[in-house]
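[1] Just a sequence and a predicted model for now, questions to come.
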Amino acid sequence: PLLPRNKPAGLAAQFHGGSRKLYNALVILLHCMDVIAPQHHWRSRLKGLIARHGVSVAAMDFPANWQNLPIWQDTKPGTPSQETGGPMAKKDYSEDLLIQAPTAELLEQQLGWESVFAQDEGAKGGWGPDSLLGRASDAEVVLTRDVLAALKRLNPGLPDAAYQDALALVVQDDITKSLIAQNEEKYKLLRDGVPVKYRDAAGRLVDKRLRLIDFDEPKNNRYLAVRELWVRGKLWLRRPDVIGFVNGLPLVFIELKRFEVHIDSAYKKNYADYLDTIPHLFHWNALVIISNGHDAQYGSLTSSKEHFYRWKRLDEDDPEPGKDQPLLPFLLQGMLQQQRLLDIVENFILFDASEGSTHKIVARNHQYLGVNRVIDRLTSTDPKIQAEVAAGQLGVFWHTQGSGKSYSMVFLTEKIHRKLSASWSFV
């Protein structure tokens, strides 16, 4: 009685054809079925259809009064909400189904991440080293089990004390320092390694930096997207949408909103609140991403909303997406593909204190693509390109006014020194 059994092909054709009304009706119907017919065979088919296409249809509108329908006043049993720890509201459920789930699916199926849903982490398996994430409590934001495993995997053959000393520095929280100062300090450990001292088999004291991430071989690292992670601050309990961990370090923060909610809400109502209530979540942060499925922007820890940017191209020669194309897939593929993420973290982040206060800078789309195009020409094995480079014709790096020429040159010179040769001179 809920859907005509003989019309699935027609419905699918209309859905793929972009029928806004049909899409809206399918979404509302799914939630109705959750309440009145949760076991109906069409429910799973509808859920799969909407989840698979949720990102690609993000530009579609919802009915203006959809939040006020009685069904949205209902709750999904047994799912705590961010504010009260009680049941999750239907609006949160729709956000999870239509935005979070497709985001996690893209990360998992296209970009090689693992994904876990951690909303019931403490209730299901308790806390401790054998729990879902290995956290001792919801106050922990570093997954120490994964960090310790990475330290041993990337720096084999050392005394156990060396690994424990490194882990202690990773989780250290210096309350005398500002958030950006702690973030800069952690970034240096991330990029350059954690300094430790230990005695070797001959009894000699050894100074060594232990790698937290293998920047050269992406597959040697673990990439874990955790949805609905509860984080306890000094006074408040919060639940960010998605946190991206690399070897147990929370490098990526993602806040997602429903399609009809303006993207600014993710910044003003959620991200800004988390900076105040659970600041320790951002000690290791490299990227802040906000999206409503259609629009998607990223910034750094110190970026004002005006300095959040879009990632519109995966390659220098790609055309910009059309105004109705969802930008979230472009951003995820452009910044969270494993090799690209490691490249951005290692070579396209800097801290600028030239004007007094410290600002954290993450490269913009054109800076990342432009610098890497220069690097590609510099390292090319093509005889023609090699001859041009030898003749001093490396190329022209074009910038418009205000597009960050100085930062582009810093990114370029630093990457050349770090990845190619420190013998190069720049004037």
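    On my side now, so go ahead. Numbering: from 1, shown residues only.
[2] C-alpha from now on. contacts and neighbour counts both.
    OK.
[3] Tell me which helix or strand the residue positioned nearest the centre of the chain sits in.
    In the chain, the C-alpha nearest the mean C-alpha coordinate belongs to Val252, at 3.7 Å (CA atoms, centre = their mean). According to DSSP states H and E, Val252 maps onto strand 249-256.
[4] Pull the residues that contact the next helix or strand after that strand.
    Once the chain leaves strand 249-256, the next helix or strand it forms, by DSSP H and E, is helix 264-265. Applying CA atoms under 8 Å, 6 or more residues apart in numbering, the contact partners of helix 264-265 are Lys257, Lys305.
[5] how close does the residue nearest to the centre of the chain get to Arg310?
    From Val252 over to Arg310 the distance is 16 Å, taken as CA to CA, to the nearest Å.
[6] for Ile416, same thing?
    Separation of Ile416 from Arg310 (CA to CA): 26 Å.
[7] again, but for Gln338
    Using CA to CA, we find Gln338 at a distance of 19 Å from Arg310.
[8] Those two: which is more packed in?
    Between Gln338 and Arg310, Gln338 has the larger neighbour count (other CA atoms under 10 Å), namely 23 against 18.
[9] any idea how far that one lies from Val116?
    Going from Gln338 to Val116 by CA to CA gives 18 Å.
[10] try Gln339
    21 Å.
[11] do Met335 as well
    20 Å.
[12] ok, now which ones touch the closest residue to Asn155 other than its chain neighbours?
    Of all residues not flanking Asn155 in the chain, Leu210 sits nearest, at 6.2 Å (CA to CA, 6 or more residues apart in numbering). Contact analysis of Leu210 by CA under 8 Å, 6+ apart lists Leu151, Leu154, Asn155, Ala166, Gly193, Val194, Pro195, Val196.
[13] Tell me the one of those residues nearest Asp352?
    The shortest gap between Asp352 and any of these belongs to Gly193, at 21.1 Å (CA to CA).
[14] On the pLDDT front, check the closest one for me.
    With respect to pLDDT, Gly193 scores 98.
[15] Settle this for me: it is touching Leu212, isn't it.
    Yes - Gly193 is within contact range of Leu212, at 6.3 Å (criterion: CA atoms under 8 Å).
[16] Give me the more crowded residue out of those two.
    Remark: of Gly193 and Leu212, Leu212 carries more neighbours, 29 against 17, as counted by other CA under 10 Å.
[17] Where does the prediction get shaky in the chain?
    Across the chain, the ranges flagged by pLDDT under 70 are 1-97, 398, 400-403.
[18] got the residue ranges for the strands in it?
    Here the chain has its strands, by DSSP state E, at 75-80, 87-89, 114-117, 194-199, 205-210, 223-227, 231-232, 237-238, 242-246, 249-256, 287-291, 296-299, 349-352, 359-362.
[19] Pull out the buried residues from the last one.
    Which is strand 359-362. His359, Lys360, Ile361, Val362 (16 or more other CA atoms under 10 Å).
[20] That strand pairs with which strands?
    When pairing is defined by DSSP bridges, strand 359-362 lines up against strand 349-352 (antiparallel).
[21] For the partner strand, buried residues please.
    Result for strand 349-352 [16+ other CA under 10 Å]: buried residues Ile349, Leu350, Phe351.
[22] Next, the contact list for Leu256, please.
    Residues near Leu256 by CA under 8 Å, 6+ apart: Glu95, Ile99, Gln100, Asp241, Ala266, Ile290, Ser291, Asn292, Gly293.
[23] got CSV for those residues, with neighbour count and distance to Pro319 too?
    Formatted as CSV, the contacts of Leu256 follow (neighbours: other CA atoms under 10 Å; distance: CA to CA, whole Å):
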residue, neighbour count, distance to Pro319
Glu95, 18, 30
Ile99, 25, 25
Gln100, 27, 27
Asp241, 23, 31
Ala266, 21, 28
Ile290, 24, 23
Ser291, 27, 21
Asn292, 28, 22
Gly293, 29, 20
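[24] Name the nearest of those relative to Asp160.
    Nearest to Asp160 among the contacts of Leu256, counting by CA to CA, is Asp241 at 35.2 Å.
[25] show me what contacts the closest one?
    Gln100, Arg227, Glu228, Leu229, Ile254, Glu255, Leu256.
[26] who wins for most neighbours among those residues?
    In terms of neighbours by other CA under 10 Å, these top out with Gln100 at 27 neighbours.
[27] so what's that one up against?
    Arg227, Asp241, Val242, Leu256.
[28] For the nearest residue to the third one once chain neighbours are set aside, list each beta-bridge partner.
    It refers to Val242. Leaving aside its chain neighbours, Val242 sits nearest to Arg227 (4.4 Å; criterion: CA to CA, 6+ apart). Note on Arg227: beta-bridge partners by DSSP bridges are Phe117, Val242.
[29] go on, Val196?
    When assigned by DSSP bridges, Val196 has beta-bridge partners Lys208.
[30] Just confirm it contacts Gln164, I think it does.
    No - counting by CA under 8 Å, Gln164 is not a contact partner of Val196; they are 9.6 Å apart.
[31] Those two: who's more crowded?
    Between Val196 and Gln164, Val196 has the larger neighbour count (other CA under 10 Å), namely 17 against 14.
[32] so how many other residues sit close to Ala387?
    12.
[33] hang on, I meant Gly126
    16.
[34] do Arg364 as well
    Neighbour tally, Arg364, other CA under 10 Å: 20.
[35] And Arg191, by the same measure?
    Other residues near Arg191 number 17, with proximity taken as other CA under 10 Å.
[36] Quickly note the distance from it to Phe348.
    Separation of Arg191 from Phe348 (CA to CA) stands at 11 Å.
[37] hmm, back to that, which one of the strands of the chain lies nearest to Arg145?
    The nearest among those, by CA to CA, is strand 249-256 at 10.5 Å.
[38] could I have the closest one exported to PDB, CA atoms only?
    Extracted in PDB, the C-alpha atoms of strand 249-256 (Å, rounded to 0.1, in the frame of the first residue of the first chain):
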ATOM      1  CA  LEU A 249      45.900  11.500  15.200                       C
ATOM      2  CA  PRO A 250      42.700  13.600  14.600                       C
ATOM      3  CA  LEU A 251      43.900  15.600  11.500                       C
ATOM      4  CA  VAL A 252      40.600  16.300   9.800                       C
ATOM      5  CA  PHE A 253      37.500  17.800  11.200                       C
ATOM      6  CA  ILE A 254      34.300  17.600   9.100                       C
ATOM      7  CA  GLU A 255      31.000  19.300  10.100                       C
ATOM      8  CA  LEU A 256      28.000  18.500   7.900                       C
END
